[in-house]
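Novice: Give me a model of this one.
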Amino acid sequence: MISGKFAITLHILTLLSKFPDEYLSSEFIARSMNVHPVLVRKEIANLKKNKVVESKEGKNGGTKLLKPASNINLDDIFKMTFETVSLGYSKNDPNPKCPVGKEINEKLDELYSDINQKISKQLSGISLTAFSDQF
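Specialist: Numbers count the residues shown, from 1 in each chain. The predicted model follows:
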């Protein structure tokens, strides 16, 4: 299902791209987003796992990008936050004797696969730098 994780992660990375030589604190990032720093730290943990950012603790600690923003595209970010987009399925199992019910989930799978291919194609053509340059 769609959530706000992509937007949160993209916000974090866009901020980091604006200050490439600085370690930004989760509090600073959280203030930009009007969210709790714990939510920011959770997404930063995912970014660290994917080797996109590095963090250091302490008074001058924080997080910064590990590689140039120009080497990160929005599809990379999307795939770190979701495996695929799914708009969901019915909570009930469809009737297998119904001409629609017996194939609806298969057709939804095809639709969602097509949507994901289109999303991936569009996002792969946009670098974090290009997105960040809008601000």
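Novice: and the longest helix for this protein?
Specialist: Longest helix in the chain by number of residues (criterion: DSSP state H): helix 104-124.
Novice: Endpoints of stretch 71-85, how far apart?
Specialist: Terminal residues of stretch 71-85 lie 24 Å apart, using C-alpha to C-alpha, to the nearest Å.
Novice: Check what contacts it and list those residues.
Specialist: For stretch 71-85, the external contacting residues (C-beta atoms under 8 Å, 6 or more residues apart in numbering) are 2, 5-6, 9-10, 13, 46-47, 50, 52, 65, 112-113, 115-116, 119-120, 123-128, 131. For every residue, glycine as well, the C-beta is placed using N, CA and C.
Novice: Which SSE is immediately downstream of the longest helix of the chain?
Specialist: helix 128-132 (DSSP states H and E).
Novice: contacts for that next one?
Specialist: The contact list for helix 128-132, computed with C-beta under 8 Å, 6+ apart, reads 10, 13-14, 17-18, 68-70, 72-74, 77.
Novice: Among the residues you listed, which lie within helices?
Specialist: The helices, defined by DSSP H, take in 10, 13-14, 17-18, 74, 77 from the contacts of helix 128-132.
Novice: Apply the buried test to those residues and list what passes.
Specialist: Buried members of these, counted by 16 or more other C-beta atoms under 10 Å: 10, 13-14, 17, 74, 77.
Novice: out of those, what pair is the most spread apart?
Specialist: With distances taken as C-beta to C-beta, the most widely separated pair in those is Ser17 and Leu74, at 12.0 Å.
Novice: Just confirm Gly62 contacts Glu54, I think it does.
Specialist: No. With contact defined as C-beta atoms under 8 Å, Gly62 does not reach Glu54; the gap is 9.8 Å.
Novice: So for those two, which sits in the more crowded spot?
Specialist: A direct count of neighbours by other C-beta atoms under 10 Å for Gly62 and Glu54 places Gly62 higher, at 21 against 14.
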